[in-house]
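[1] Quick one, what's the 3D model for this:
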Amino acid sequence: MGSTKPVTAPMTTSCKLSKHGDDVYDNPIFYRSIVGALKYATITRLDITYSVNKKAVSSAPLTISAFCDTDWASDMDDRKSTSGVCIFLGPNLITWWSKK
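    Numbers count the residues shown, from 1 in each chain. Presented below is the predicted three-dimensional model:
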């Protein structure tokens with residue numbers, strides 16, 4: 001560890017990803033499980049979000065999608081509303097919130 005150099009993001013800049021890889025996975029369920037765990041980890045570890053979500057360059061434009069839901073005056077005790085929002089950039093969740 002004495003010869004290591006600090007980096008701003010935990011990812012190599014020379015990595016080139018392709019949509020058509022050469023490796024065939026024997027167990028696609030295990031692969032999906034790993035990807036899902038990494039996607040979940042990006043919620044709490046913002047420093048790895050870019051590295052996990054980096055994809056091969058494609059011609060499809062990124063879209064921003066937002067979803068919201070509100071339950072007006074649903075609490076029987078204090079008659080307060082509950083609402084929530086989640087915003088996606090492409091398939092990736094970039095922010096969310098909920099409040100009473």
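[2] which secondary structure elements does the host helix or strand of residue 33 contact?
    Using DSSP states H and E, residue 33 sits within helix 28-44. Counting contacts by 3 or more Cβ pairs under 8 Å, 6 or more residues apart in numbering; DSSP states H and E, helix 28-44 is packed against helix 49-53. All C-beta spots, glycine's among them, are computed from the backbone N, C-alpha and C.
[3] Now do the following helix or strand past the helix it packs on: which elements does it pack against?
    Following helix 49-53 in sequence order, the next helix or strand is strand 64-71 (DSSP H and E). Applying 3+ Cβ pairs under 8 Å, 6+ apart, one finds that strand 64-71 contacts strand 82-89.
[4] For the helix holding residue 33, list every residue counted as buried.
    Residues residue 42 are the ones in helix 28-44 that count as buried (16 or more other Cβ atoms under 10 Å).
[5] Can you give me the domain assignment for the chain?
    15-57, 61-100 (automatic domain parsing).
[6] Just give me how far stretch 45-56 sits from the chain centre.
    8 Å (Cα atoms, centre = their mean, to the nearest Å).
[7] can I have that stretch written out in PDB, keeping just the CAs?
    Provided in PDB are the C-alpha atoms of stretch 45-56 (Å, rounded to 0.1, in the frame of the first residue of the first chain):
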ATOM      1  CA  ARG A  45     -22.000   4.900  -1.300                       C
ATOM      2  CA  LEU A  46     -22.200   7.900  -3.700                       C
ATOM      3  CA  ASP A  47     -18.500   7.600  -4.500                       C
ATOM      4  CA  ILE A  48     -19.100   4.300  -6.400                       C
ATOM      5  CA  THR A  49     -22.200   5.400  -8.300                       C
ATOM      6  CA  TYR A  50     -20.500   6.500 -11.500                       C
ATOM      7  CA  SER A  51     -18.400   3.300 -11.700                       C
ATOM      8  CA  VAL A  52     -21.400   1.000 -11.100                       C
ATOM      9  CA  ASN A  53     -23.700   2.800 -13.600                       C
ATOM     10  CA  LYS A  54     -21.100   3.300 -16.300                       C
ATOM     11  CA  LYS A  55     -22.300   1.700 -19.500                       C
ATOM     12  CA  ALA A  56     -21.100   1.300 -23.000                       C
END
